[in-house]
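[1] Provided below for reference: sequence and predicted model.
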Amino acid sequence: MRFVSLYLTRLTVLMVCLLPLGAASAASQTLSEGWEYRWGDSPFRNDGTPAWTLDGPGEDGWRSIGFPSNPPNRDGREHVWFRVMLPDGEWQEPVLYIFSVDLIVQVYFDGQKIYQYGTFDEQGRGRFEGWPWHEISLPDGFEGKYLYFRVFSDYTDIGLWGEVSIMNRPDLVLFVLENSLEALVIAAISMLIGLLALIFAVLQAKKKSFASLALFAFSSGTMLLAESQASQLLWDVPLVWDYLAAASYYLLPVAMAMLLEQWLADHRPRMINLVWKVHLAYVVAAIGLSLSGAINLSSTFPPFDALFLVSLVTITVAVIYRFRHLLLEQRIILLAYAIFSVFLVVDMAVAHGLLPWGRVPVSWGALLFALAVVVISLWHYARTQQALYRLTLSLEQQVAERTEKAETLARREQARVRLLTFENEKKQILNDIIAGLQDCLGLSQAFDYLARVMLDLCSPVSGAFYLRRDEGKTYERLNHWGYGGNMPEFALILDTSGGLPSPTEVPSRYRETPLDSVTSQDQVLEGTVCFWITVQSASEGALVMGLLLVEIPENFSAQDNGYGAARLFHALDQGLQRIGITLSSIRLHEELQKYSYEDVLTGLNNRRYFDQLLKHERAGAVRNQVPLALLIVDIDHFKLFNDTHGHEAGDSALKTVAGVLLQQFRDSDVVCRYGGEEFVVIMPGANLSAAREKAENLCRAIRTVHIYHGDQDLGGVTLSVGVAGWPECSNDPDALLGLADRALYRAKEGGRDRIEGCSTCTPP
């Protein structure tokens, strides 16, 4: 009794909070045209892409349909695909809303799966997992493109059901609340009626009658609550709500038949007694077999609907025959139940496709029945002084509970204010971290910086920060805090089957929930929250580059039922997403810089990189007073080589020479393609003599190398090299490039295949 009272109090407070939203109108665009269907299941390519999602607008096999549900000529088929071209519109956070799907579904856009509800096996089949409404985030640029739906159903219906619309995410929440508000309010009223009937069952002599009324009220209230779309907002477990809805729906004829049996006891209503026993047996069998996995819950509805219609006819015949013997209040309740049954039958016809889809106001039938019970209950209530006294005590208890709850809410509000102050401080720290990351030149520097400052972001909770190493196979801990230095070291190995990290050596506090069971980017483990830091790469896509494990303090999670911890970790998650975006920018900048400094043909650094590096090396040589040498290398008679063998063979020659250059020079030397057939080499710390020696080795090496294009040996090439060095050739390091270029010119004028130094040097 106390539990039911507390539940009703909470539900009433929720209704009061939702009342201002009931008038909100969610702007949406209904997808009522352009649907196409295709029976069967699509073949999948090696990369997992369904072949049917690659079909163009005029591809054979797709047929038009008014709404994506129950296409013609099913003939026992269990797989069907639907598609629709998404319209243009002005959206802020566009989502696709689907009222329901029979039974499980995958959604594809541009060949990529963007949503799934239910589990598909290798044959494309799966078990029933509930009838929720669906919210599918639409990617950027969806306008004018096809959205594909893969549907499996072994139920009487197959496909999407109810309504399909595009709307903004905030509007969807208002839409759901608006459409559920009526059912929630009536469900609360029915629950309250059930509570009152239960009280009368304790106080009055006719205990069985009031107990039956209580069962009916609780069943109808639970059914309305479980079938309302807002139930997913209260607790996102659709299959549990469907079990509650089914059980309460199946109990309605049980409650009514038991009530009639009490009222008609003098007439020995054997058929009515048989009705409630058969229905009770069906409830136990259907729910029991569904929970055991022997059958799907969805398959229990059609047999029940048929049984319900038979029972309804049986009850109607029995009541009509004995209606004049009933009391006035009994007649009122029976008429209310008859109206409620009409709504249920209409809703049943809609569910089985006998009537076009529409929202059947079943809640109004429940409200009418509840009001009838209220009137009768109040009449009995007024006649019983003792019941009045006890009910008064019960109401006083409810008031006390509400007062206590209000005080709890006030304390929670105070805690929320403190938490907001704390969050503002964390936002400032996060802004400072973002600014620091933007000053980093590369990801390595950025993660070193993060390892130092992550403590400030996560304080006061304990945590550890890990960086992806060894080409993504391991995660190395960079820092930890709050563990007093006693946190055991452990490595995380990337699970190649699912792409998620799993532990190889796990501390005892993590053993009960290993990381390989993580199914989302922020999953609560045993007293721990795991956050992933994802970095976008132009070449590799999204990569999990960092892991942050944060321990939940016991006093923090216990306070306000974990409200403070939830807010803290939500803010931390948002912050890590911003950090991931900043790291992605750094990664993309690194890749872009690499592409802008690299010669595509040879893989060497290009002239742009050479110009910047030479300026830097000249300044460093002067500052540190160390020598600097520069070589300009030209392939002899390269134009003739191109004219003779073709430009593709010339490209092979360039790549071969580039490879020899890389082999001949030190790691500290920088080899660049200067342009055309010319290469330059910067040799920091090398004097002119060492540079000439390297040039001689290069020329000897290139004479022994043959150029191959395909299987054809094109012979060899020779090189002309100009060498200059600072300070031997000039006091001005800025003159090195010009001196080396003039030396190269002399080498070419002198017959090629030779080395020339600056004008102050003796030729070989």
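    Right, received. Where do you want to start? Residues are numbered from 1 along each chain as shown.
[2] can we go C-alpha only for contacts and neighbour counts from here?
    OK.
[3] pLDDT weak spots in the stretch 451-600 of the chain?
    Per-residue confidence of the stretch 451-600 of the chain (counting by pLDDT under 70) places the weak regions at 470-473, 483-527, 553-567, 592-596.
[4] show me where it has helices.
    Per DSSP state H, counting those that start in this stretch, the stretch 451-600 of the chain carries helices over the ranges 554-558, 563-596.
[5] Give the next helix or strand downstream of the longest one.
    Right, helix 563-596. helix 607-624 (DSSP states H and E).
[6] How about residue 752: what's its closest non-neighbour residue?
    With sequence-adjacent residues excluded and distances taken as CA to CA, 6 or more residues apart in numbering, residue 752 is closest to residue 720, at 5.3 Å.
[7] Go ahead and name everything in contact with whichever strand or helix holds the one you found.
    Per DSSP H and E: residue 720 is located in strand 719-726. Contact partners of strand 719-726, identified using CA atoms under 8 Å, 6 or more residues apart in numbering, comprise 627-636, 687-688, 691-692, 695, 699, 702, 732-733, 736-737, 739-745, 747-748, 752-758.
[8] Which strands and helices lie in contact with the helix or strand following it?
    Moving toward the C-terminus from strand 719-726, the next helix or strand (DSSP H and E) is helix 736-749. Judged by 3 or more CA pairs under 8 Å, 6 or more residues apart in numbering; DSSP states H and E, helix 736-749 is in contact with strand 628-635, strand 719-726, strand 755-756.
[9] Quick one: residues contacting residue 469.
    475, 476 are the contacts of residue 469 under CA under 8 Å, 6+ apart.
[10] For the strand holding residue 720, which strands pair with it and how are they oriented?
    strand 628-635 (antiparallel), strand 755-756 (parallel) (DSSP bridges).
[11] Save those as TSV, and put in mean pLDDT and mean neighbour count too.
    Output for the strands paired with strand 719-726, formatted as TSV (pLDDT from 0 to 100; neighbours: other CA atoms under 10 Å):
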stretch	mean pLDDT	mean neighbour count
strand 628-635	94	26
strand 755-756	92	27
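[12] For residue 667, which of the ones you listed is the nearest?
    Proximity to residue 667 (CA to CA) singles out strand 628-635 among those, at 14.8 Å.
[13] ok, and what's touching that closest one?
    Strand 628-635 is touched from outside by 617-618, 621, 677-688, 691, 695, 717-727, 736-737, 740-741, 744, with contacts defined as CA under 8 Å, 6+ apart.
[14] ok now it, how far from the chain's centre?
    Distance of strand 628-635 from its chain centroid, counting by CA atoms, centre = their mean, to the nearest Å, is 55 Å.
[15] how far off helix 607-624 does it point, in degrees?
    150 degrees (axes from the mean of the first three to the mean of the last three CA atoms, to 10 degrees).
[16] How about residues contacting the following helix or strand past strand 628-635?
    Sequence-wise, the next helix or strand downstream of strand 628-635 (DSSP H and E) is helix 638-645. Defining contact as CA under 8 Å, 6+ apart, one finds that helix 638-645 is touched by 649, 650, 677, 714.
[17] please redo it, this time with the cut-off set to 10 Å
    Helix 638-645 is contacted from outside by 635, 646-651, 653-654, 676-678, 709, 714, 717-719, using CA atoms under 10 Å, 6 or more residues apart in numbering.
[18] could you flag which of those residues are buried?
    635, 649, 650, 651, 653, 654, 677, 678, 714, 717, 718, 719 (16 or more other CA atoms under 10 Å).
[19] pLDDT score assigned to the nearest residue in space to the third one that is not next to it in sequence?
    The spatially closest residue to residue 650, leaving aside those adjacent along the chain, is residue 642, at 5.3 Å (CA to CA, 6+ apart). In the prediction, the pLDDT value recorded for residue 642 is 88.
[20] And residue 610, by the same measure?
    pLDDT recorded at residue 610 is 86.
[21] Same question for residue 297.
    Residue 297 carries a pLDDT value of 91.
[22] Surely it touches residue 239?
    Yes - using CA atoms under 10 Å, residue 297 is in contact with residue 239, at 9.0 Å.
[23] With neighbour numbers in mind, choose between those two.
    residue 297 (22 against 15; other CA atoms under 10 Å).
[24] distance between the ends of stretch 256-276?
    For stretch 256-276, the first-to-last residue distance is 8 Å (CA to CA, to the nearest Å).
[25] can you list contacts of it?
    206-213, 215-216, 251-255, 277-282, 307-308, 310-312, 314-315, 318-319, 322-323, 325-327, 330, 333-334, 337.
[26] Buried residues, it. List them.
    Using 16+ other CA under 10 Å as the test for burial, stretch 256-276 gives 256-264, 269, 272-273, 275-276.
[27] among the helices and strands packed on helix 736-749, which is nearest residue 480?
    Shortest distance between residue 480 and the helices and strands packed on helix 736-749, using CA to CA, is found for strand 628-635: 45.3 Å.
[28] rewinding a little: joint contacts of residue 297 and residue 239?
    128, 129, 130.
[29] I'd like those residues as a markdown table, with secondary structure and pLDDT appended.
    Converted to a markdown table, the shared contacts of residue 297 and residue 239 look like this (DSSP: H, G, I helix; E, B strand; the rest coil; pLDDT from 0 to 100):
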| residue | secondary structure | pLDDT |
| --- | --- | --- |
| 128 | coil | 91 |
| 129 | coil | 91 |
| 130 | coil | 90 |
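[30] Closest one of the residues you listed to residue 443?
    Of all the shared contacts of residue 297 and residue 239, residue 443 sits closest to residue 129, with 43.0 Å by CA to CA.
[31] got a list of what that closest one touches?
    Residue 129 makes contacts with 102-104, 117-119, 237-240, 242, 296-298, as judged by CA under 10 Å, 6+ apart.
[32] Pop out the phi and psi values for it.
    phi -130, psi 30 (degrees, to the nearest 10).
[33] Now do the same for the closest residue in space to residue 348 that isn't next to it in sequence: its pLDDT.
    Nearest residue to residue 348, sequence neighbours excluded (CA to CA, 6+ apart): residue 305, at 7.2 Å. pLDDT for residue 305: 90.
[34] Pretty sure residue 345 is one of the things residue 305 touches, is it not?
    Yes - using CA under 10 Å, residue 305 is in contact with residue 345, at 8.6 Å.
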